[in-house]
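Novice: Let me see the structure of the following:
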Amino acid sequence: MSLPAPDGVLAAVRDFVARIDELDPDAPPLGDLTICLSGRESRLALRAPVARALVEALRGYHDPRDRGRCDHCGSPRLDDNFLCRDCGQPNGLFGQMLAERAARHIEPAAISTTPVDESRHARPAGQFGRSGNSE
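Specialist: Residues are numbered from 1 along each chain as shown. Alright, predicted model coming up:
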């Protein structure tokens, strides 16, 4: 995932503030929020409802890469298979189940390359009549 350009970040925050501020333009002012990115600066007046919405949005965001913390060492670095990248232990019930099933896994036997005797499925001559029904 590429990083957004500074102008894009500033525009997104400005749009968020404006969108929420429209809902309650008479709310009391809370203060100013100044954001500086790569030499670009944006100063935004915040009213209480906008500040509350901003706090909720930031606290409510869940990064899809965040799979929680390791039950063993507390590291926040769990992989897609719920294995801790730091201590290597499986995490939680699902991780434990995956590890136990992997430990019990037995590789299936190789498939034989011996040609199959195709005549073993053939009916003995004369066993059935022409219609395929027994006589």
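Novice: which ones are touching the nearest residue to Asp21 once chain neighbours are set aside?
Specialist: Nearest residue to Asp21, sequence neighbours excluded (C-beta to C-beta, 6 or more residues apart in numbering): Val50, at 5.3 Å. C-beta: built from backbone N, CA, C; applies to glycine. By C-beta atoms under 8 Å, 6 or more residues apart in numbering, the contact list for Val50 reads 17, 20-21, 27, 30.
Novice: in stretch 85-101, what's buried?
Specialist: Neighbour counts over stretch 85-101 (16 or more other C-beta atoms under 10 Å) mark 89-91, 95, 98-99 as buried.
Novice: contacts for the lowest-mean-pLDDT helix or strand in the chain?
Specialist: Lowest on mean pLDDT, DSSP states H and E among the helices and strands of the chain sits helix 92-104, with a mean of 84. Outside helix 92-104, the residues within contact range by C-beta under 8 Å, 6+ apart are 68, 71, 78, 81-83, 89-90.
Novice: now do stretch 9-21
Specialist: Residues from elsewhere that reach stretch 9-21, judged by C-beta under 8 Å, 6+ apart: 4, 33, 35, 37, 40, 42, 44, 46-47, 49-50, 53-54, 57.
Novice: could you check the distance from Gly74 over to Ala45?
Specialist: From Gly74 across to Ala45, the span is 41 Å (C-beta to C-beta, to the nearest Å).
Novice: And for His62?
Specialist: For His62, the distance to Ala45 - C-beta to C-beta - is 29 Å.
Novice: Compare these two (neighbour count), which wins?
Specialist: Comparing His62 with Ala45 by other C-beta atoms under 10 Å, the one with more neighbours is Ala45, at 12 against 7.
Novice: Let me see the mean pLDDT of the helix or strand hosting that one.
Specialist: Ala45 is part of strand 40-47, with elements assigned from DSSP states H and E. Strand 40-47 comes out with an average pLDDT of 91.
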